[in-house]
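**Q** Mind looking at a prediction? Sequence and model below.
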Protein chains: 2
Amino acid sequence: MKPIQVGLLGIGTVGSGVFNVLQRNQEEIRRRAGRGIEIAMVADLDVARAKSVVGDKVQVVNDARAVIANPDIDIVIELIGGYGVAKQLVLEAIAAGKHVVTANKALLAVHGTEIFAAASAKGVMVAFEAAVAGGIPIIKALREGLTANRIQWLAGIINGTTNFILSEMRDKGLDFDVVLKEAQRLGYAEADPTFDIEGVDAAHKATIMSAIAFGIPVQFDKAYVEGITKLSSADIKYAEQLGYRIKLLGITKRTDKGVELRVHPSLVPAKRLIANVEGAMNAVVVQGDAVGSTLYYGKGAGSEPTASAVIADLVDITRLATADPEHRVPHLAFQSNTLADAMDSLPVLPMSEVVTSYYLRLRVADQAGVLAKVTGLLAGAGISIDAVLQREADEVGGEGSTQTDLIILTHDTREGTMNDAMAQMQALPTVLAPITRIRKEELN
Amino acid sequence: MKPIQVGLLGIGTVGSGVFNVLQRNQEEIRRRAGRGIEIAMVADLDVARAKSVVGDKVQVVNDARAVIANPDIDIVIELIGGYGVAKQLVLEAIAAGKHVVTANKALLAVHGTEIFAAASAKGVMVAFEAAVAGGIPIIKALREGLTANRIQWLAGIINGTTNFILSEMRDKGLDFDVVLKEAQRLGYAEADPTFDIEGVDAAHKATIMSAIAFGIPVQFDKAYVEGITKLSSADIKYAEQLGYRIKLLGITKRTDKGVELRVHPSLVPAKRLIANVEGAMNAVVVQGDAVGSTLYYGKGAGSEPTASAVIADLVDITRLATADPEHRVPHLAFQSNTLADAMDSLPVLPMSEVVTSYYLRLRVADQAGVLAKVTGLLAGAGISIDAVLQREADEVGGEGSTQTDLIILTHDTREGTMNDAMAQMQALPTVLAPITRIRKEELN
């Protein structure tokens, strides 16, 4: 049988990885897929660089539409990124009857509903394992491996840049700005790291997983997003003393009222496996009602790890293309005609309705009665305290200091209640700096 | 569309879990599968107990063949276990044109080749996610999620009973026999625990994963199998002092000469994620050439975790039944007509050809020259030493003791070479007891 013909739009880091791995492992991949898989055409604005990757035997063009228009192409891989031209090209490829593979989390988190609807109408597949957690087959696990389960929650380290930065801050006791520069030097952070360090990239991925876990449409606009830029090495150190590590988690959770969808730094018990995921690695914990807790770990980015996921999608499409379209694995795990109803019954909750526990750090005047005042305010708001850590003033501010840090761990509290209590504490004359608040997740 | 009709052979712990989870989550499962999934008929020798689980609406019989003969049944789930009647019934179900789901690792590890050939000839699927690592979707990850990769090795904690025992031995400093009794009392070990503690169960699972990882037939008869019954709490303590944990690992590895397939206790660096998998939990690390290292963690046994995997297979079959049979996911990941050739090019190696590193514990006379003699023998055999730990005689044998423990970590060595060197060391008059040898795996 003729190899399945693939067109590649954009051949940068990931695209080169896809080409190289397909070449290197072509024999094993053919034995698995039952059919060869061949990159037949590549579109890239930099034709010369593209040719240097793929050689003379593959046609290289600078116009993506020439790939889409080629009737021999069965599958189009979109590796351009972003919401603009990538969206247009994906929709055009679908309209031309091509199956699409993409690693574009931003595109799917924001425009997934439109794209999946177009694909369903045309009877083609849009596959996107590479969009979340690189080479870890987490989309497949959620969409196929755990289909028996009512998913209760999932929480993931799904951005390698920020996990690298947090690992380094903890290991070396350095502050965020210093480590960010090092990460940029080592290639773990981009020149403009905003999407990573502000949590946007993780929120794109959490949005996609949330839809697949709960059978709701992608709703990125309703995600709560908080990055790691305000974390200090002091918080990491205090967390450690209390038995926790700080990780940037993407969390989505089913509650009686609706779905939580949030990305923010989180204290995680140090004994949890996911708390020990270091450097640029990714991991996702999924809690299902039948299976219990499962964890998936691996490289979340990079040329060949991401290519691993892209090619797995190519093999899946090769295997599944002959199936009756309405019996293929649904894009978002659940049959698409059931998603809208679920959105009504399972709305994404505003952050003020989220219930979690908290780490609070207050810079306070080192004088009698401060602790009583603060804990009194919390008690008045109905917030119950799990632990208090009070540092000696000398330790915190040096000898003769008149300021100290007061660290409080709370039990579960509604975020709106905590917001009000924090405003009251902040107004105390003995609270000398903006209060640091980090959410705490037990993940058990 | 009419729900897909499922017949269940054997409704014990796992069967009850399958029935209960299918009932409880039927709405979500239907939304995922695009079609209802219904247990329509159950066969069990204990009809009364079966009826107490499934109620009046499901037909219960004591003859499994009545289920297989029922033309309305689309899928047969085999949960009887063992190689005997289970094999016959699976083959009869296939012959009757039913798809089969089974959790029977022993059956597939030993008779998989015959069963998969029968299924392929008949155009039906045999699905077995539940056969390895319970609810963790590791078969799916290997067979579909990592299809881009040349798998280099995998290593797994794939028997919960033994991992529970090893965790308890380490935690509490207790010996094997004591902990085994506790595990039996708690239901973590069977009344006859032989298959678990002797490594046979893990070897069944490793055999299946080996076939899927490397595209070779199942070859249980060539697996090296060593259990945990000879481990002492002293070895666990010494390993800890050297920075390692002892785990019973199922390992399969591609080398230039062939495939290693082995189950035995292993020292694993304590900092590896898998070294921190405690209690009855399972985890598998898979190393692929493109994706690098990935890890999968979860419950490896139990009613609902195993049911999670069985039902995932039911959903897969429901989704895939309409696909052209030769394009469905192959049973062992690779097209079946390519397996025999691979067996020739990738033979399973005898244990003497395996290359790994070692932990040796020698009970020796506490006198001058013993260490020099032992290390001299190792040097003569070309075995290079990584570390030596020598205990004070008083610590080991009590005050005035004339014996002590000598612990040696080696670098990579061929097992046959090590066997010869051990025979020589054992013959030394100053070596006072059988030498303990535990293999060491860096897993990086």
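**A** Structure received.

**Q** would you list every one of the strands in the stretch 51-200 of chain A?
**A** Using DSSP state E, counting those that start in this stretch, the strands assigned to the stretch 51-200 of chain A run over residues A:59-61, A:75-78, A:99-102, A:126-127, A:151-157.

**Q** Pull the contacting residues for A:N104.
**A** A:E78, A:L79, A:I80, A:G81, A:G82, A:A86, A:V90, A:F128, A:A131 (CB atoms under 8 Å, 6 or more residues apart in numbering or on different chains). Just so you know, the C-beta spots here come from the backbone N, C-alpha and C atoms, and that holds for glycine as well.

**Q** So which of the strands of the stretch 51-200 of chain A is nearest chain B?
**A** Comparison of the strands of the stretch 51-200 of chain A against chain B by CB to the nearest CB identifies strand A:151-157 as nearest, at 8.8 Å.

**Q** For that closest one, which helices and strands make contact with it?
**A** helix A:200-214, strand A:244-254, strand A:281-288 (3 or more CB pairs under 8 Å, 6 or more residues apart in numbering or on different chains; DSSP states H and E).

**Q** Output the contacting helices and strands for the first one.
**A** Going back to what we said before, that points to helix A:200-214. Counting contacts by 3+ CB pairs under 8 Å, 6+ apart, helix A:200-214 packs against helix A:105-122, helix A:138-140, strand A:151-157, strand A:224-225, strand A:244-254, strand A:259-269.

**Q** among these, which is the most enclosed?
**A** Sort the helices and strands packed on helix A:200-214 by mean neighbour count, taking mean count of other CB atoms under 10 Å in any protein chain shown, and helix A:138-140 sits at the top with a mean of 28.

**Q** Need the per-residue pLDDT for A:N444.
**A** Here the pLDDT value assigned to A:N444 is 89.

**Q** In contact with it: list those residues for me.
**A** When contacts are counted by CB under 8 Å, 6+ apart, A:N444 touches A:P269, A:R272, A:S293.

**Q** May I have the distance across stretch A:436-444, first residue to last?
**A** From its first residue to its last, stretch A:436-444 covers 25 Å (CA to CA, to the nearest Å).

**Q** And the closest residue in space to A:R414 that isn't next to it in sequence, how far from chain B?
**A** Distances taken as CB to CB, 6 or more residues apart in numbering or on different chains put A:V355 closest to A:R414, at 5.3 Å, once the chain neighbours are dropped. Taking CB to the nearest CB, to the nearest Å as the measure, A:V355 falls 23 Å from chain B.

**Q** does A:V355 really touch A:T413, like I thought?
**A** Yes. Assessed by CB atoms under 8 Å, A:V355 is found in contact with A:T413 at 6.8 Å.

**Q** of all the contacts of A:N104, which comes closest to B:A423?
**A** Of all those, A:A131 has the smallest distance to B:A423: 56.2 Å, by CB to CB.

**Q** how does chain A divide into domains?
**A** Using automatic domain parsing, the domain ranges for chain A come out as A:4-136+A:304-342, A:138-299+A:343-351, A:356-440.

**Q** Mean confidence (pLDDT) on the last one, please.
**A** What domain A:356-440 shows for mean pLDDT is 94.

**Q** Same question for the first one.
**A** Mean pLDDT, domain A:4-136+A:304-342: 95.

**Q** First-to-last residue distance for it?
**A** Start-to-end span of domain A:4-136+A:304-342 (CA to CA) is 37 Å.

**Q** who in the stretch 301-444 of chain A is up against chain B?
**A** Residues of the stretch 301-444 of chain A that fall close to chain B, judged by CB under 8 Å from any CB of the partner chain: A:304-305, A:307-312, A:315-316, A:318-324, A:326-330, A:333-335, A:338.

**Q** Quick one: buried ones out of these?
**A** Using 16 or more other CB atoms under 10 Å in any protein chain shown as the burial test, these include A:304-305, A:307-312, A:315-316, A:318-321, A:323, A:327-330, A:333-335, A:338 as buried.

**Q** Which members of those residues are positioned in helices?
**A** With DSSP state H as the criterion, helices contain A:304-305, A:307-312, A:315-316, A:318-320 from among those.

**Q** Among those residues, which pair sits farthest apart?
**A** So, these by CB to CB: farthest apart are A:E304 and A:L320, at 23.9 Å.

**Q** which residues in the stretch 1-150 of chain A form helices?
**A** Using DSSP state H, counting those that start in this stretch, the helices of the stretch 1-150 of chain A run over residues A:13-24, A:26-33, A:47-54, A:64-69, A:85-95, A:105-122, A:138-140.

**Q** Can you give me the distance of A:V101 to A:I94?
**A** Using CB to CB, to the nearest Å, A:V101 is found at 12 Å from A:I94.

**Q** tell me, what's touching the two both at once?
**A** By CB under 8 Å, 6+ apart, the residues touching both A:V101 and A:I94 are A:V126.

**Q** what about A:N444, helix or strand, and which?
**A** Per DSSP states H and E: A:N444 is located in neither a helix nor a strand.

**Q** I'd like to know how far it sits from chain B.
**A** Using CB to the nearest CB, A:N444 is found at 13 Å from chain B.

**Q** Contacts only, for A:Q152.
**A** For A:Q152, the contact set (CB under 8 Å, 6+ apart) comprises A:K253, A:R254, A:Q287, A:G288, A:D289.

**Q** Kindly identify which of the residues you listed also come near chain B.
**A** Contacts with chain B are made by A:G288, A:D289 out of these, judged by CB under 8 Å from any CB.

**Q** Could you dump the contacts of A:Q152 into CSV and include pLDDT?
**A** Converted to CSV, the contacts of A:Q152 look like this (pLDDT from 0 to 100):
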residue, pLDDT
A:K253, 98
A:R254, 97
A:Q287, 98
A:G288, 98
A:D289, 98
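
**Q** of the contacts of A:Q152, closest to B:D175?
**A** Scanning the contacts of A:Q152 for proximity to B:D175, where the rule is CB to CB, the winner is A:Q287, at 35.3 Å.
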